[in-house]
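*Asks:* pasting the sequence and the predicted coordinates here, then a few questions.
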Amino acid sequence: MNDLSKALLGMAILPLPLLGSLAALPDVEAPSQGTWVVAGIVAAAGALGAWFLEWTERKVVANRVVIDLKPNQVIVDGVPIDCPFSSMTHFFRSRDALVEAVGIAVNEAMLKQEKFLVARKSALIRIWPGSFQVTDFELEALSEAMTAEFISPAFELMGQPMAPQENRNLPSAPAVNR
């Protein structure tokens with residue numbers, strides 16, 4: 001359950017224990033039946049809202065956009081876009097180049113036509129470093145950038161074995177094993 005759903009559910013259910021504790025006090029007039037009905041309706045609406053948020057997030061994660069990052073190329077669901085973000089020695093030459101590549105990927109992913117319209121999408125990011133060795137710093141920066149733009153992004157490091165200890169370098173998104 002995501003944090004927003006938990007908060008919505010908690011705020012919706014909060015009046016019920018408060019009313020119950022007021023009803024238990026001996027010197028305080030018990031809440032009326034109308035107050036209980038309103039509190040119940042608020043709790044039901046909050047539960048319905050939390051369920052809808054969870055359902056929407058599950059649907060978004062199930063329809064992930066596939067983003068392939070290759071040296072100087074971003075491929076979003078098979079559409080290649082050339083973007084000079086690699087240098088002669090590094091997969092990402094700078095944070096600005098990384099931000100530019102992520103921006104291109106986000107824009108292309110949002111323009112992808114779907115029946116289900118959402119404000120943010122989920123993504124499977126496959127990194128194809130080629131002859132480059134992707135550093136932990138680059139993986140961490142990429143993870144931060146993609147997590148800020150996509151819901152529950154998943155990462156795959158292709159063509160280069162990803163050791164189990166490297167999975168902890170992407171704390172906000174698990175590595176996908178295929």
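*Replies:* Arrived safely, thanks for sending.
*Asks:* only C-alpha atoms from now on, for both contacts and neighbour counts.
*Replies:* Fine.
*Asks:* where does residue 125 sit: helix, strand or coil?
*Replies:* Following DSSP: H, G, I helix; E, B strand; the rest coil, we place residue 125 in the strand state.
*Asks:* how near is it to residue 159?
*Replies:* Taking CA to CA, to the nearest Å as the criterion, residue 125 is separated from residue 159 by 14 Å.
*Asks:* neighbour count for the two, which is higher?
*Replies:* Here residue 125 and residue 159 are compared on neighbour count by other CA atoms under 10 Å; more neighbours surround residue 125, at 25 against 11.
*Asks:* show the pLDDT at the more buried one.
*Replies:* We have a pLDDT of 89 for residue 125.
*Asks:* and for residue 40?
*Replies:* At residue 40 the predicted local distance difference test score is 92.
*Asks:* same check on the one 4 residues further on?
*Replies:* According to the model's per-residue confidence, residue 44 sits at a pLDDT of 94.
*Asks:* then residue 51?
*Replies:* On the pLDDT scale, residue 51 gets 93.
*Asks:* just give the closest residue to it, not the sequence neighbours.
*Replies:* Distance criterion CA to CA, 6 or more residues apart in numbering; nearest residue to residue 51, sequence neighbours excluded, is residue 5 at 7.5 Å.
*Asks:* and residue 88, how far from residue 131?
*Replies:* According to CA to CA, residue 88 and residue 131 sit 10 Å apart.
*Asks:* when the two are compared, which one has more neighbours?
*Replies:* In this comparison of residue 88 against residue 131, neighbours counted by other CA under 10 Å, the higher total goes to residue 131 at 12 against 9.
*Asks:* give me phi/psi at the more buried one?
*Replies:* Summarising the backbone geometry of residue 131 under the convention degrees, to the nearest 10, its torsions are phi -80, psi -10.
*Asks:* same question, the one 5 residues further on
*Replies:* Taking degrees, to the nearest 10, you get phi -60, psi -40 for the backbone angles of residue 136.
*Asks:* can you find the helix or strand of the chain with the lowest average pLDDT?
*Replies:* Every helix and strand of the chain was ranked by mean pLDDT, DSSP states H and E. The lowest is helix 95-111, at a mean of 78.
*Asks:* can you count the residues close to residue 60?
*Replies:* Applying other CA under 10 Å, we find 21 residues neighbouring residue 60.
*Asks:* which helices and strands sit right next to the host helix or strand of it?
*Replies:* Taking DSSP states H and E as the criterion, the element that holds residue 60 is helix 33-62. Judged by 3 or more CA pairs under 8 Å, 6 or more residues apart in numbering; DSSP states H and E, the packing partners of helix 33-62 are helix 3-13, helix 15-24, strand 122-127, strand 151-157.
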